[in-house]
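Visitor: Got a predicted structure plus its sequence, pasted below:
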Amino acid sequence: MMISEGVTFKLLDEDLLLLPQRAILWPKHKALIIADVHLGKTGHFRKAGIAIPRDLEQNDLAILSDLVAEFNPERIIFLGDLFHSDINADWDWFAMWRQQFPQIIIDLIKGNHDIIADTHYTELNVNLHKQLIVGPFLMLHHPLVETDLQIVKNYVLCGHIHPGINLTGKGRQSLTLPCFAFGERQAILPSFGKFTGRVALSTAKTDKIFAVLKDKVVCV
């Protein structure tokens, strides 16, 4: 399966391919960088008696499988909130997915929703971190506030916010699209999981914002 059109963005002399599947391919390190998958969220809602389609988790994992098939990454770095809450039946889907790709190194920077016991991850050979430095980047889940950004030496890649950009048309219609938001010292990735909301960001004029459409990424 061919992957939809992405955009190459050079950051700190590193070429990053921003994909409409809401992931970043880092070719130099043969790595995919992904934030906020929120697997198990549908199971969490179903457990609470709220009717949610069962195939949403499988769809997210199918898209991840397509990315693996297209780019053959050696490593996947999840920037937190891989699983949404307590373990439920949806965990079995992730376990089966992991068994299909045992050769891929998987790193998870634990997010606020990653509350499942560490042993469940380690049994699937998932490396757990509070933070991770790779090349010029500091991988986190939560964005840093400005005062902390002035202290850290590395450029931050993070998630958590589920960023969106509000676009207004000529007829005053508006639409909030998921986006990649690159600031001076920090980038916030869109949520990979489709069963998530998004928050419209306030941006500075110097920020580079890339909106995610159905099959392409555009600079806005």
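Guide: It's in.
Visitor: Could I get the full set of helices for the chain?
Guide: Remark: helices of the chain, listed N- to C-terminal, are 41-47, 56-71, 90-100, 118-123, 146-149; assignment by DSSP state H.
Visitor: which of the residues in the shortest one are buried?
Guide: Looking back up the chat, that one is helix 146-149. Neighbour-count burial for helix 146-149, with 16 or more other C-beta atoms under 10 Å as criterion, is recorded at residue 149. The way it works is simple: take the backbone N, C-alpha and C, and place the C-beta from them, glycine included.
Visitor: How much space separates the residue lying closest to residue 216 once chain neighbours are set aside from residue 27?
Guide: Once its chain neighbours are removed from consideration, residue 216 has its nearest residue in residue 5; the separation is 4.3 Å (C-beta to C-beta, 6 or more residues apart in numbering). Distance, residue 5 to residue 27, using C-beta to C-beta, to the nearest Å: 16 Å.
Visitor: any idea of the pLDDT on residue 215?
Guide: At residue 215 the predicted local confidence, pLDDT, stands at 90.
Visitor: cool, and the one 4 residues further on?
Guide: pLDDT, the model's per-residue confidence, is 91 for residue 219.
Visitor: Tell me, how many residues neighbour it?
Guide: A total of 11 residues lie near residue 219 under the criterion other C-beta atoms under 10 Å.
Visitor: That one contacts residue 212, doesn't it?
Guide: No - using C-beta atoms under 8 Å as the test, residue 219 is too far from residue 212 to be in contact (11.4 Å).
Visitor: which residues are common contacts for the two?
Guide: Residues within reach of residue 219 and of residue 212 at once, by C-beta atoms under 8 Å, 6 or more residues apart in numbering: there are none.
Visitor: looking at the helices of the chain, which is buried most?
Guide: helix 41-47 (a mean of 20; mean count of other C-beta atoms under 10 Å).
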